[in-house]
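**Student:** The following block contains a protein sequence and its predicted model.
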Amino acid sequence: MSVQLIAPRASAVADNDPVLNIAIFAAFVAVTLFIVIRASRNSKTAADYYAGGRSFSGTQNGFAISGDYLSAASFLGIVGAIAVNGYDGFLYSIGFLVAWLVALLLVAELMRNTGKFTMADVLSFRLKQRPVRVAAALTTLAVCFFYLLAQMAGAGGLVALLLGITDDIGVAIVVAVVGVLMIIYVLIGGMKGTTWVQIIKAFLLIGGAGAMTIWVLVINGFDLSALLQAAVDKAALDGAEDPAAILAPGLQYGKNPIDFVSLGLALVLGTAGLPHVLMRFYTVPTAKEARKSVVWAIWLIGGFYVFTLVLGYGAAALVGAPAIQDAPGGVNSAAPLLALELGGPILMGFISAVAFATILAVVAGLAITAAASFAHDIYNSVVKRGTASPEQEVKVGKYTVVVLGVVAIVGGIGVQGQNIAFLVALAFAVAASANLPTILYSLYWRKFTTRGALWSMYGGLATAIVLILFSKVVSGAETAMLGAEIDFAWFPLNNPGIVSIPVGFLLGWLGSVLPQKKEDPRVAAEMDVRSLTGYGAEEAVEH
């Protein structure tokens with residue numbers, strides 16, 4: 001019975017038209033490149049390149065924020081996780097959405113009022129500039145790198161599915177093309193071009209996901225219970241030992257509940273420490289527009305994560321977990337395969353092109369964040385001690401983009417086959433461990449010191465990375481990056497958040513309470529006023 005059901009799915013994938021897919025992809029790339037080139041005409045200053053000249057409205061920025069936040073993990077990774085693991089997969093949607101609310105309530109507006117271009121502007125505001133900026137820049141680059149790995153994995157799997165590429169060399173070429181396009185987008189358009197790509201991508205992604213959601217509900221008579229039962233019935237026909245397991249907790253995390261708690265902590269707390277998301281709030285002119293963008297982003301992001309529940313179980317019911325896992329791209333192919341079942345090759349090509357645009361938009365946002373962090377925080381503020389011209393700073397930023405693109409290509413080739421929602425969760429763990437403690441202490445605790453900031457950022461970052469390196473993520477398992485043959489894993493969890501996040505908070509507190517020279521209370525008071533009111537936010541933060 002299982003073979004009979006999977007065979008039609010395999011032939012459906014074979015019916016996919018690579019020429020049509022390439023044509024749709026090329027059209028998307030051509031349109032977005034045109035937009036980037038148009039936007040680049042007004043990118044003349046550092047403020048233009050890094051913050052889009054602070055010229056975007058709250059509504060526009062709300063769409064751009066959702067475009068930045070709804071990455072390949074949100075679409076390809078979560079839909080695939082729900083299709084294969086059911087209830088446990090939907091926990092990613094819940095975690096990402098709750099995380100967004102935490103970020104908005106605790107840090108977003110205060111960060112925008114206090115900073116100028118980067119997260120380090122806030123963290124170093126009332127502390128010693130040079131050491132804190134270096135630490136913040138390094139943690140930013142680390143988070144961007146892990147996040148880029150997830151997007152590159154999604155790009156490789158997606159195009160492999162569409163073009164029928166199965167060999168490693170072909171997938172590596174695809175990843176390289178994505179990296180080159182990312183470099184071109186950022187070098188030409190800066191934040192303005194990137195933002196417009198994110199706005200358009202948000203329209204297409206949310207619209208496409210919404211249309212597919214309605215389609216799946218129509219098939220099931222707008223009855224969610226009928227959809228869930230169809231998913232269970234399909235699992236039974238595919239030979240699952242316990243078909244109803246996809247409706248209950250434990251299918252993925254039942255063997256180790258602590259691993260789920262660790263993942264949950266990373267997801268809920270990680271967004272508030274993601275520099276590329278926080279940087280979006282510097283693109284609006286006023287705090288009022290920042291609040292308006294928040295409202296738009298909440299509705300757009302919240303609606304999308306509701307869609308993932310229907311799309312995930314729709315893929316489980318119409319395609320089936322075995323067919324998804326056996327397809328090129330593995331778990332990450334669930335959404336395109338569902339589109340193929342619903343609307344044939346044309347809908348699959350469109351949805352896949354939207355997913356591809358999603359990847360390009362997010363990697364461009366990550367690249368511009370990394371470029372701003374290195375050029376503004378290390379080159380200008382530390383190496384040049386604030387004397388570099390805006391032109392020099394932007395030039396160094398562009399060099400950074402090229403280097404980051406090469407590193408992302410190499411790393412992306414190495415993580416092919418991993419679930420991208422899982423890879424993003426690692427980036428969230430690093431962000432929550434290295435950045436969040438320092439951000440919260442800086443905004444809310446006047447006694448926080450430079451030593452506390454350095455201990456927190458370096459200690460949280462080192463703990464998270466070491467635990468990831470010595471976990472089953474890297475070695476000792478069939479799904480590990482290095483395979484099961486190489487095994488040097490000793491950390492039992494797949495996500496380090498439950499250990500590394502408390503370590504970051506503890507080191508920040510410990511470094512601040514131990515005897516030392518205290519920070520200037522007048523600057524701390526100034527930061528309180530600026531963060532709460534936005535007064536002076538347009539001025540340079542150097543002092």
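**Tutor:** Arrived safely, thanks for sending.

**Student:** only C-alpha atoms for contact and neighbour calcs from this point on.
**Tutor:** Fine.

**Student:** how far does the strand or helix carrying Val102 sit from the chain's center?
**Tutor:** Assigning secondary structure by DSSP states H and E places Val102 in helix 87-103. Counting by C-alpha atoms, centre = their mean, to the nearest Å, helix 87-103 is centred 13 Å from the centre of its parent chain.

**Student:** Counting by contacts, list what it packs against.
**Tutor:** Where contact means 3 or more C-alpha pairs under 8 Å, 6 or more residues apart in numbering; DSSP states H and E, helix 87-103 is packed against helix 78-85, helix 257-270, helix 287-318.

**Student:** Next secondary structure after that helix?
**Tutor:** Along the chain past helix 87-103, the next helix or strand (assigned with DSSP H and E) turns out to be helix 109-114.

**Student:** Could I have the CA atoms of that next one written out in CSV?
**Tutor:** Output of helix 109-114 as CSV, limited to C-alpha atoms (Å, rounded to 0.1, in the frame of the first residue of the first chain):
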residue,chain,number,x,y,z
GLU,A,109,11.4,50.8,20.4
LEU,A,110,14.0,51.4,23.1
MET,A,111,16.7,50.1,20.8
ARG,A,112,15.5,52.4,18.0
ASN,A,113,15.5,55.5,20.2
THR,A,114,19.0,54.8,21.5
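
**Student:** next structured bit after that helix?
**Tutor:** Elements were assigned by DSSP H and E; along the chain past helix 109-114, the next helix or strand is helix 119-123.

**Student:** now that following helix, how far from the centre of its chain.
**Tutor:** 20 Å.

**Student:** Check the gap between Ile301 and Leu274 for me.
**Tutor:** According to C-alpha to C-alpha, to the nearest Å, Ile301 and Leu274 sit 16 Å apart.

**Student:** ugh, wrong one, I meant Leu149
**Tutor:** When Leu149 is compared with Leu274 (using C-alpha to C-alpha), they lie 15 Å apart.

**Student:** elements contacting the longest helix that the chain contains?
**Tutor:** Here the longest helix in the chain is taken by residue count, with DSSP state H as the criterion, and it is helix 168-219. With contacts taken as 3+ C-alpha pairs under 8 Å, 6+ apart, helix 168-219 sits against helix 18-40, helix 46-51, helix 58-69, helix 129-163, helix 287-318, helix 334-372, helix 390-414.

**Student:** Adding mean pLDDT, distance to Leu106 and mean neighbour count, write those helices out as TSV.
**Tutor:** Conversion of the helices and strands packed on helix 168-219 to TSV gives the following (pLDDT from 0 to 100; distance: least, C-alpha to C-alpha, whole Å; neighbours: other C-alpha atoms under 10 Å):
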stretch	mean pLDDT	distance to Leu106	mean neighbour count
helix 18-40	79	32	17
helix 46-51	57	22	24
helix 58-69	84	17	27
helix 129-163	81	19	25
helix 287-318	88	13	22
helix 334-372	84	21	26
helix 390-414	83	29	20
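
**Student:** do you know which of those lies nearest Asn113?
**Tutor:** Smallest distance to Asn113 across the helices and strands packed on helix 168-219 (C-alpha to C-alpha): 6.9 Å, for helix 287-318.

**Student:** now the angle from that closest one to helix 78-85?
**Tutor:** Inter-element angle recorded for helix 287-318 and helix 78-85: 30 degrees (by axes from the mean of the first three to the mean of the last three C-alpha atoms, to 10 degrees).

**Student:** Which elements pack onto helix 287-318?
**Tutor:** Packed against helix 287-318, as judged by 3+ C-alpha pairs under 8 Å, 6+ apart, are the following elements: helix 58-69, helix 78-85, helix 87-103, helix 109-114, helix 168-219, helix 224-237, helix 334-372.

**Student:** any idea of the mean pLDDT for the fourth one?
**Tutor:** Spelled out, that is helix 109-114. Taken as a whole, helix 109-114 carries a mean pLDDT of 73.

**Student:** Gly483: what secondary structure?
**Tutor:** At Gly483 the chain is in coil, as set by DSSP: H, G, I helix; E, B strand; the rest coil.

**Student:** try Pro515
**Tutor:** The local conformation at Pro515, judged by three-state DSSP, is coil.

**Student:** returning to that earlier point: output the helices and strands packed on helix 287-318 as a markdown table; include the columns distance to Ala27.
**Tutor:** As requested, those are exported to a markdown table (distance: least, C-alpha to C-alpha, whole Å):
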| stretch | distance to Ala27 |
| --- | --- |
| helix 58-69 | 19 |
| helix 78-85 | 25 |
| helix 87-103 | 30 |
| helix 109-114 | 36 |
| helix 168-219 | 14 |
| helix 224-237 | 34 |
| helix 334-372 | 9 |
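
**Student:** Nearest to Gln416, out of these?
**Tutor:** Smallest distance to Gln416 across those (C-alpha to C-alpha): 8.3 Å, for helix 168-219.

**Student:** How far off centre is the closest one?
**Tutor:** 13 Å.

**Student:** got the angle for that helix vs helix 287-318?
**Tutor:** 90 degrees.
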